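S.K.: can't give you the sequence, but here's the structure:
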């Protein structure tokens, strides 16, 4: 009867409470409101405790009492109406009226729009996103990716300090509001991806260790204690996170999970957690679901199929693509950008996915990565901006803050017309002027000070440039809010139309729509800084000519046939220096500075 | 010119010195004898320093001076004539007269004899082993496995506290004596396996950290600091150990490496160290070499081929086989034995290799392992005793100390007639009475005390049984020396002949000689505690009937045909209760207590 962690409606006006507390002799359920009541829980197998409560009030709040000593919210809490330190609230999932019956979008058709709920709208709620869906549909994206929504301390956080992986952030509107958003998305043909964090829990309000060995000191993790995925009792820790993945899919109709920073998941056991996650989620989910990893490992094992010894994830973010593109456009060479900056990095990213597939990395001071050349294009998510690549800069400045329009357009075209799954970061599509800065709202004073100090130290070398934003300050959060209304004004409108056009072309031109690295030929010209990409599907042939040079370049077209130019990012239509009068060409390609032009083979 | 780590003869009366010291600004070579001389070394790429010295004396000893401050022996020292704290000595490898030209033994034909150089003979040297080779040939084993010989502190050590992976232990006779042993082995048709430790270095005389980041704190390793296989500068750490593997193969004609405790090798990078080791060693070695892992992971990835995402090692030790067999015979249930003891454990070990292939382990308190059922039989090394399974017992007592002869013979027959590669531990073949206890000879006083104390604490619960041997005491070492002369006396002789017979049968009977899990059918009878194993090759069919019961059991033979008994471990020939008059049988198998009998199908 008690099959799921947490408090779950099990019919007959009853709720089952089910919690894992192998370190405890006794666990009591304390219902704290509307009326107080303490119930002894039964000790079950494998360190679980459970009880069933009949006729419980719909909005009852509760805590667990461990060994008759300490009161703690539920590690699998479905809702923390008053934040991370206060009681959990029960939630009924069977009452929501879903209207999205058979929504499904193949991964190949994903065009992802990453957004942060708190800063996407003035209200910072799920509800406030719904009126924006027509705008997103106009843009043409097909999937919303929500930065993590698991309950974090306070009201302002990127989401990676979440401490209740099952509880939807109260200040975003809680679980029902998320369901409404997903429902509306699906009705509008938009998939929803959720960013989930399985590599650590946040530092404030993290009471899991009081229940069970969720954490381990065997590994030094980058963001707090490593999660115990391979030590004693780790089976149930794995279950907790796997059930979490299923929870989003089943109860919230989430279509895909973006698994945060899997390089922080330390698991030396014979069956890697991600492999078990994939296997169990795919087997048990009643809906189709995609698993997409964020990874700093360049390890093809993540996306290799099981018969090749892989974990079988559907896709992964490809940071190398971003870095290759970013460095070509900006010339930046600090930090990890020092490993990039050559034209061949971009070419390799286009051809294979990973740029570092075993080569020495100056930044890492060791060889890095394995080859992904065998993997199909749909297994890579690419972007020219995302929350990290913008937000981890000292000032959280977007590409459009520092770069001229021609480069911005080129960046967008490289991503959206790539053979990979494109991801846009909210506001990118019209050149939002607000930064996306790092913000938190810890109530623990020492922690709050540490975060502020940490950020200052991290960017100490750049302090002479401008003030380092204080993560704890509300103004940092408010400064990061975007204003999509801007898209209708001045050059923002041109950029927005440009993005729309790119997305439309991707959807409509068969060689672009049908992702395949096989139906593609890439040539690069190092001295001229030009990349030519031929893509085809059936009889249709396209040529993408990319010029990363600051001057106009002429290139002898190596591909036979007569080509008709159909698009040029540098056209005056897009506030560029070129014209919009496109001629046929036989041999000579004339490429404007920092431009991507598209040619169609005459048949 | 400087291609190999350490001091190497490079022709023309010259030695090249080549050392990795990326943490140092300057490195000087100090020749300390026969005549003193200091030579500034040239700083080369990637943190290496090198120099070439002409006309250097043949037995010159040297240290490196780091940053003009501290003197240290060579991390890649070829010889430490005065132990771990004193200067290194140069060695010429081109002068040894090898007489084993084209020796090669296929892994399938390995019958391994594990020995500890210090306790195998009264002298405790390589040289003293040579006169024993006829004895080993008489026994019939085909490969000697030497416990680690890399220089360790003092004169008494199992070898796992080695701190100069390239230097052959001085008290064993140094590098030339090892070569002579290998040469003689090969001339006698015996392969030589060397146990190498790539998961940690010993605690005393370990100066590697003064040169370079060989170690890391990112992982908590069981036996001291983890080795840096995936952090900054780890490429050169990997090179050090890979070159070490090649060194043994090329300079000492070692035929196979037994890689100690690979579960202590922490590597999260996209290319696992063991995968790189296999790739590089197989590619660069001029001789055929086998790589055999010791692993506590039950991770089939180790021995899977690269196209299945495996590391491609040739074989691995299968502890599960040991535990299944040991518990059936002894009934022991402490520690990891609690996961074993049922007949099906033994059956599964016979059929698949790993017993734990994803099942919950009570001992580990988590699920453990992946399935090895696809892997061929030659990829598993099995044993009923080995240095660990004997030596890690408090008193280091062998199976023959506590178990009656019938069980000892049964254990031996299970191992030697198994479809896997058998390994015997020195002395096992005649029921040596000496224990194999844990011994060390640290000169560092605090460390020595800690080792003694540690051992006492580890076995505190058993103290009432008998005195816990002090690892640091010389008597512990002397007590562990074996006396192979014993094999000619009384029941020892019978056991020895029994082992000889088993080995001869394994070599001569085609169904036993040709390892294949496919040409095998295994049936077990839980209530009777009987396992029947049919094995075949071509037309030849064999039936092994194993009775783990303390009483005689009758079993209806499920395999068609008329069978002639050809061997019975319980025969009076082997001091058992059965007779040596073997009859043909059609249906009913009569199996004596704790016996293995062998039947041949009449054709």
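M.R.: That came through, no problem. None of these values were measured; they are calculated from a predicted model. Numbers count the residues shown, from 1 in each chain, chains lettered A, B, ... in the order given.
S.K.: packing partners of the helix or strand containing residue A:544?
M.R.: Using DSSP states H and E, residue A:544 sits in strand A:540-547. When contacts are defined as 3 or more Cβ pairs under 8 Å, 6 or more residues apart in numbering or on different chains; DSSP states H and E, strand A:540-547 packs onto helix A:405-416, helix A:510-513, strand A:530-537, strand A:588-591, strand A:595-601. The way it works is simple: take the backbone N, C-alpha and C, and place the C-beta from them, glycine included.
S.K.: if we use 7 Å, what do you get?
M.R.: helix A:510-513, strand A:530-537, strand A:588-591, strand A:595-601 (3 or more Cβ pairs under 7 Å, 6 or more residues apart in numbering or on different chains; DSSP states H and E).
S.K.: out of those, nearest to chain B?
M.R.: Evaluated over these, closeness to chain B peaks at strand A:530-537, with 25.9 Å, by Cβ to the nearest Cβ.
S.K.: the closest one pairs with which strands?
M.R.: Within its sheet, and counting by DSSP bridges, strand A:530-537 is paired with strand A:520-525 (antiparallel), strand A:540-547 (antiparallel).
S.K.: now do it: everything it contacts.
M.R.: With Cβ atoms under 7 Å, 6 or more residues apart in numbering or on different chains as the test, strand A:530-537 has contacts from A:343, A:346-347, A:350, A:510-512, A:514, A:519-524, A:541-547, A:549, A:553, A:555, A:558-559, A:591.
S.K.: out of those residues, which are buried?
M.R.: By neighbour count, with 16 or more other Cβ atoms under 10 Å in any protein chain shown, those hold A:343, A:346-347, A:350, A:511-512, A:514, A:519-520, A:522, A:524, A:541-547, A:549, A:553, A:555, A:591 as buried.
S.K.: just the helices and strands packed on strand A:540-547: most buried one?
M.R.: With neighbours defined by mean count of other Cβ atoms under 10 Å in any protein chain shown, none of these is more surrounded on average than strand A:595-601, at a mean of 23.
S.K.: follow-up on the earlier one: got the angle for the strand holding residue A:544 vs strand A:595-601?
M.R.: 160 degrees (axes from the mean of the first three to the mean of the last three Cα atoms, to 10 degrees).
S.K.: the very next helix or strand once past strand A:540-547: partners in the sheet, and parallel or antiparallel?
M.R.: Following strand A:540-547 in sequence order, the next helix or strand is strand A:553-556 (DSSP H and E). Note on strand A:553-556: by DSSP bridges, its sheet partners are strand A:588-591 (antiparallel).
S.K.: who's in contact with the partner strand?
M.R.: Strand A:588-591 is touched from outside by A:530, A:545, A:547, A:552-557, A:597, with contacts defined as Cβ under 7 Å, 6+ apart.
S.K.: in the stretch 101-250 of chain A, which residue sits closest to chain B?
M.R.: In the stretch 101-250 of chain A, the residue that lies nearest chain B is residue A:232 (3.8 Å; Cβ to the nearest Cβ).
S.K.: about what we covered before: distance to residue A:249 and mean pLDDT added to the strands paired with strand A:530-537, as JSON lines?
M.R.: Formatted as JSON lines, the strands paired with strand A:530-537 follow (distance: least, Cβ to Cβ, whole Å; pLDDT from 0 to 100):
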{"stretch": "strand A:520-525", "distance to residue A:249": "33", "mean pLDDT": "96"}
{"stretch": "strand A:540-547", "distance to residue A:249": "36", "mean pLDDT": "96"}
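S.K.: appreciated, that's everything.
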